[in-house]
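Engineer: Following is a predicted model, sequence given first.
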Amino acid sequence: MARFLLKRLFSATLTLFAVSVLTFLMFFALPRDPVSSICSKNCNPERLERVRDDLGLNDPLISQYAGYMKGIVTGRDLGSAQGGRCDAPCLGWSYVTNEAVSDTIARVLPVTLSIVIPAAVLWLLLGVGLGMVSALRRGTWLDRLAIGFSLTGASLQLYFVGAVLLLVFVYNLRLLPVPSYTSIFDNPAKWASGLVLAWVALAFLFSAIYARLSRAQMLETLSEDFVRTARAKGLAKPKVYGRHALRAAITPVVTIAGLDVGGALGGTVITETTFGIQGLGRTAVDAVRSGDLPTIMATVLIAAVFVVLANVLVDLLYAAIDPRVRLR
Amino acid sequence: MSLSPVEGVALAEIESGTDPGGPATKGVVGRSPGQLAWLRLRRDRTAMVSGVLLVFFLLLGLAAPLIEMVYGIGPREQFQNLLDGFGMPLGYAGGVSGEHWFGLEPGLGRDIFIRLIYGLRTSLFIAFAAALITATIGIVLGALAGYLGGWLDAVINWITDLTLAMPFLIIALALTPTITLRFYGERGQVSSAFGVGVLIAVFAIFGWTSTARLVRGQVIALREREFVEAARASGAGLGHMLFRQLLPNIWAPILVSFSLAVPQFITSEAALSFIGVGLSDETPSFGRMIYRSLDFLQTDPAYVFFPGIMIFALVFAFNLFGDALRDALDPKSSR
């Protein structure tokens, strides 16, 4: 167990390292010189050169990368133009927004978390529940309804569903306010009412995929010998389905869920754009548009961290859920 | 075919299997797995309906210039005289009329119907090209990784993990202008064909991993089977092993994954153009239209529905057909 965890964490670190190097190289080839977007047309060459020096753009690539990485681990001094001392985890200074990148992230990360976590709970419960029910009631109207739901949901686009939801609930019925983010600690009711459309849209589309997957898995598991054995030795149906069959059927669902939730935590670009909420995803898009290198690096790295961590977590969950899995 | 002596019914099956057109004299008709699948597909009503719908969409996309000629309006023509002072189309449901079947775009006053037809063409072309390229890369790399194993397998696996860890939309968003700049320089006028090419390239870089995973798993399952060993023992080369021995045995799951990859690329293309990557506003595209329509949700709600329903119908048809294909190719599937 400990050895497995160590091995897994090592490969995760390696992946993250590669992601950081790749993004670093990729964004240095970005079309816009990050400096020219900072001071627009009337910018004298001396000032340009000074800013370039401040940003360390004149140093060789390797030392720039090393400096950036050192900043994340131990923090570093960035010079007075960039807010002076930058504590660990230091993600650099953005000249576009004129603030430390870690401050930007600290502001937008809770937004994305508030969108994704409730939505994920909703879509997992709805998807797996629906899949199970339709597998157990195979061939009935309930099953057909669930199949229809999941086929429709799997073919719909988030921005279209979002637009229709906005149109109906915000603009026509005026039941909900225009989506916005309020901290849950300030006003939980406003937090929920501002984000509920995003949750519903995400949950609808994702639960469709999960319903499909868990239905197929459940049907396959139900025909296995150990389920028959459990029934034959006299266990009650709920216990067989809920404890024996579900645990075996749910493992592939957990894999996909890990990837999806990890990916979504790194920024729900489409959702945030559709509902006009400024989370991690929109921040990343804005950063790419304005050539804001430090912010791009930070958002890509955070997204990668979420995916990699989710994958490690999935492996651990496997062992907890399915007794047949042994970690090595 | 086979060297061992075959007798009785088995012989009849093999003989009539090689000659499906001939009359079945012995009552037992042998059919190849492909024929069986085709038969099952033809009996499946959903498959037939979605298949016909797909062919219809393909024809619409292919015949776009022809439709433009008959319809009499081009995708870039503007009808400012049919807009009111605020740039909103006159008339009901976004200016729907006998001239303009799906109405006009607010602001620029372009015809929505013909833009949708051309958008369909762009979308289908990108999706099919991307699916073909990613399938090819995925098959070759997956088969190599699965068959050879060892360090190559480890490297390909690790690259797959890496690609999954990268946030696709953000990277694509950043990569597209970078590639464009490499070819066009700061002020070059980017042609829309180039934009399409860049999108396909970005999909190719990121999209091959799932096919590679699938093929790798299948190849590993087949690797130790007798026929593979026999071929290896008789001195078959790597190319022969991969493409003559292994690949013919796994074409069914590959075909299914291909048919389900196409709607995924349609969706991704629309998502990318929704956040404003790749295609310029000149090139008609579903995602771009929906993005523009969000600003007019309150004033012209009809605008969002035409592209939204169109892309839904397209993806829906593809998904239905892909599912039916899976059922037809895999008789054991429990759907």
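Structural biologist: Everything's here; your move.
Engineer: leaving aside the residues next to it on the chain, what's closest to A:Leu175?
Structural biologist: Sequence neighbours aside, A:Phe169 is the residue nearest to A:Leu175 in space, at 5.1 Å (criterion: C-beta to C-beta, 6 or more residues apart in numbering or on different chains). Glycine gets a C-beta too; all of them are placed from N, C-alpha and C.
Engineer: And the one helix or strand A:Phe226 maps to, how far out from the chain middle?
Structural biologist: If you go by DSSP states H and E, A:Phe226 is part of helix A:225-232. Relative to its parent chain, helix A:225-232 has a centroid offset of 39 Å by C-alpha atoms, centre = their mean, to the nearest Å.
Engineer: quick one: buried residues of that helix?
Structural biologist: A:Val227, A:Ala230, A:Arg231 (16 or more other C-beta atoms under 10 Å in any protein chain shown).
Engineer: ditto for stretch B:274-290
Structural biologist: Buried residues in stretch B:274-290, defined by neighbour count with 16+ other C-beta under 10 Å: B:274-279, B:283-290.
Engineer: Likewise for stretch A:16-29?
Structural biologist: For stretch A:16-29, a neighbour-count test (16+ other C-beta under 10 Å) marks A:Leu16, A:Ala18, A:Val19, A:Ser20, A:Thr23, A:Phe24, A:Met26, A:Phe27 as buried.
Engineer: what's that stretch in contact with?
Structural biologist: For stretch A:16-29, contacts defined as C-beta atoms under 8 Å, 6 or more residues apart in numbering or on different chains pick out A:61, A:64-65, A:68-69, A:293, A:296-297, A:300-301, A:304-305, A:308, B:162, B:165-166, B:171, B:174-175, B:178, B:182.
Engineer: Export only the CA atoms of it, formatted as CSV.
Structural biologist: Taking Å, rounded to 0.1, in the frame of the first residue of the first chain, the C-alpha atoms of stretch A:16-29 are listed here in CSV:
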residue,chain,number,x,y,z
LEU,A,16,3.5,17.4,-13.5
PHE,A,17,7.1,18.3,-14.2
ALA,A,18,6.6,17.4,-17.9
VAL,A,19,3.4,19.5,-18.1
SER,A,20,5.2,22.5,-16.6
VAL,A,21,8.2,22.2,-19.0
LEU,A,22,5.9,21.8,-22.0
THR,A,23,3.6,24.7,-21.1
PHE,A,24,6.7,26.9,-20.4
LEU,A,25,8.1,26.1,-23.8
MET,A,26,4.8,26.4,-25.6
PHE,A,27,3.9,29.8,-24.2
PHE,A,28,7.3,31.3,-24.9
ALA,A,29,6.5,30.8,-28.5
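Engineer: Tell me the spacing between B:Ala145 and chain A.
Structural biologist: Between B:Ala145 and chain A the computed distance is 17 Å (C-beta to the nearest C-beta, to the nearest Å).
Engineer: on that earlier part again, after the helix holding A:Phe226, which helix or strand is next?
Structural biologist: Next along from helix A:225-232, by DSSP H and E: helix A:237-239.
Engineer: Determine the set of other helices and strands touching the very next helix or strand once past that next one.
Structural biologist: Using DSSP H and E, the helix or strand that directly follows helix A:237-239 along the chain is helix A:246-249. Helix A:246-249 sits against helix A:188-222, with contacts defined as 3 or more C-beta pairs under 8 Å, 6 or more residues apart in numbering or on different chains; DSSP states H and E.
Engineer: What parts of the stretch 201-335 of chain B come near chain A?
Structural biologist: Within the stretch 201-335 of chain B, the positions near chain A by C-beta under 8 Å from any C-beta of the partner chain are B:263, B:267, B:270-271, B:274-275, B:287, B:290-291, B:293-294, B:297-298, B:301, B:304, B:308, B:311-312, B:315-316, B:319-320, B:323, B:333-335.
Engineer: taking those residues one by one, which sit in helices?
Structural biologist: Of those, the ones assigned to helices by DSSP state H are B:263, B:267, B:270-271, B:274, B:287, B:290-291, B:293-294, B:304, B:308, B:311-312, B:315-316, B:319-320, B:323.
Engineer: What is the longest helix of chain B by residue count?
Structural biologist: Longest helix of chain B, by residue count under DSSP H: helix B:112-148.
Engineer: in that helix, what counts as buried?
Structural biologist: Within helix B:112-148, the residues that count as buried by 16+ other C-beta under 10 Å are B:112-124, B:126-131, B:133-135, B:137-148.
Engineer: I figured B:Asp153 hits B:Arg216, correct?
Structural biologist: Yes. With contact defined as C-beta atoms under 8 Å, B:Asp153 reaches B:Arg216; the gap is 7.5 Å.
Engineer: isn't there a strand covering A:Val96?
Structural biologist: No. The assignment for A:Val96, made by DSSP: H, G, I helix; E, B strand; the rest coil, is coil rather than a strand.
Engineer: quick one, phi/psi of it?
Structural biologist: The phi/psi pair for A:Val96 (degrees, to the nearest 10) reads phi -80, psi -50.
Engineer: And for A:Glu99?
Structural biologist: phi -150, psi 160.
Engineer: Burial check on it, number of neighbours?
Structural biologist: A:Glu99: 15 surrounding residues under other C-beta atoms under 10 Å in any protein chain shown.
Engineer: any idea how far it lies from A:Arg289?
Structural biologist: From A:Glu99 across to A:Arg289, the span is 17 Å (C-beta to C-beta, to the nearest Å).
Engineer: Residue numbers of the stretch 51-200 of chain B in contact with chain A?
Structural biologist: So the stretch 51-200 of chain B meets chain A at B:158, B:161-162, B:164-167, B:169-171, B:173-175, B:177-178, B:180-182, B:186 (C-beta under 8 Å from any C-beta).
Engineer: For ChimeraX, what selects the buried ones among those residues?
Structural biologist: In ChimeraX syntax, the buried subset of these is picked out as below (16+ other C-beta under 10 Å):
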select /B:161,162,164,165,166,167,169,170,171,173,174,175,177,180,181
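Engineer: residues from the stretch 201-328 of chain A in reach of chain B?
Structural biologist: Residues of the stretch 201-328 of chain A lying close to chain B by C-beta under 8 Å from any C-beta are A:216, A:219-220, A:223, A:259, A:263, A:266-267, A:269-270, A:273-274, A:281, A:284-285, A:288, A:296, A:299-300, A:303-304, A:307-308, A:311.
Engineer: Nothing else from me, thank you.
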